[in-house]
Each structure stands twice: as structure tokens, then as C-alpha cells.
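Visitor: sequence and predicted structure are below.
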Amino acid sequence: MFENLYKDNPNYNFVIAHAEIDYLKPLYLEKIKIACWVSNIGKTSFKMDYEIYNSKNEICAKGSTIQVMFDPLKKQKIKIDEKFRNYLASFFYNPHKSF
């Protein structure tokens, strides 16, 4: 997700401030599928949600992480700039949002 962005913008830094996961079913030595999307974008942080599926396409785990934009020189959080916000928005999905 971030590989292409970092080719042209290597100075976007963020840290994972929170991570959680719920294990629903065991996984074995099999091919898995991982779905990942941005579910919230704040002023200085963004949330990503994940789902892991087994080879039968059954959901086995779901989780989320919260990333905070970070200036490593000043050692403090910073605002998400417009370019990065637009990039994150291209991966935005909220399955619970009603239209």
C-alpha cells in the first residue's frame, strides 16, 4: 500500500500507536488472504482495519491499528499533510457507514 508512495516521498513517518486483533478461527499451513483498508483519517492519525481469510474464504481474524504521523527529529506527532491525506483517502472504506 505504501511502497509506491515512498518511492517519491521517503519522508512520511508514522508510528503504530495502537494495535488489536481478534482471532476467530485457527489458520493452518495454507494460503491466506489479507484485506486491508483505511477506516478513519484524523488530524494527526489514521486507522487501518484488517481481515484475514483462510483458503476456504472464511474469516479467521480481524484487527486494526492506529498510526500517528511523527517527526523523528522533533520527536513529536505532526499533522497529516494534504498529499498524504489524499493518498490515504484512496484506500478509505467504512463497511458500517450508511449512505
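Guide: That came through fine.
Visitor: end-to-end on stretch 37-56?
Guide: 21 Å (CA to CA, to the nearest Å).
Visitor: buried residues, that stretch. List them.
Guide: Judged by neighbour count using 16 or more other CB atoms under 10 Å, the buried positions of stretch 37-56 are 38-39, 41, 45-54. For glycine as for every other residue, the C-beta is placed from the backbone atoms N, C-alpha and C.
Visitor: strands - which of those land there?
Guide: 38-39, 41, 45-53 (DSSP state E).
Visitor: just send these back as JSON lines, with pLDDT and distance to residue 12 too.
Guide: Below are these laid out as JSON lines (pLDDT from 0 to 100; distance: CB to CB, whole Å):
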{"residue": "38", "pLDDT": "95", "distance to residue 12": "14"}
{"residue": "39", "pLDDT": "94", "distance to residue 12": "19"}
{"residue": "41", "pLDDT": "96", "distance to residue 12": "14"}
{"residue": "45", "pLDDT": "97", "distance to residue 12": "13"}
{"residue": "46", "pLDDT": "96", "distance to residue 12": "11"}
{"residue": "47", "pLDDT": "97", "distance to residue 12": "17"}
{"residue": "48", "pLDDT": "95", "distance to residue 12": "14"}
{"residue": "49", "pLDDT": "96", "distance to residue 12": "20"}
{"residue": "50", "pLDDT": "95", "distance to residue 12": "20"}
{"residue": "51", "pLDDT": "95", "distance to residue 12": "25"}
{"residue": "52", "pLDDT": "96", "distance to residue 12": "26"}
{"residue": "53", "pLDDT": "95", "distance to residue 12": "29"}
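Visitor: farthest pair in those residues?
Guide: For those, the farthest-apart pair by CB to CB is 45 and 53; their separation is 26.9 Å.
Visitor: please enumerate the helices of the chain.
Guide: Taking DSSP state H as the criterion, the chain carries its helices at 3-8, 82-89.
Visitor: could you pull up the mean pLDDT of the shortest one?
Guide: Think helix 3-8. Mean per-residue pLDDT for helix 3-8: 74.
Visitor: just the C-alphas of that helix, formatted as PDB.
Guide: Written as PDB, here are the backbone C-alpha positions of helix 3-8 (Å, rounded to 0.1, in the frame of the first residue of the first chain):
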ATOM      1  CA  GLU A   3       5.500   1.100  -1.500                       C
ATOM      2  CA  ASN A   4       4.600   3.400  -4.400                       C
ATOM      3  CA  LEU A   5       4.100   6.400  -2.200                       C
ATOM      4  CA  TYR A   6       7.500   6.000  -0.500                       C
ATOM      5  CA  LYS A   7       9.300   5.900  -3.900                       C
ATOM      6  CA  ASP A   8       8.600   9.600  -4.400                       C
END
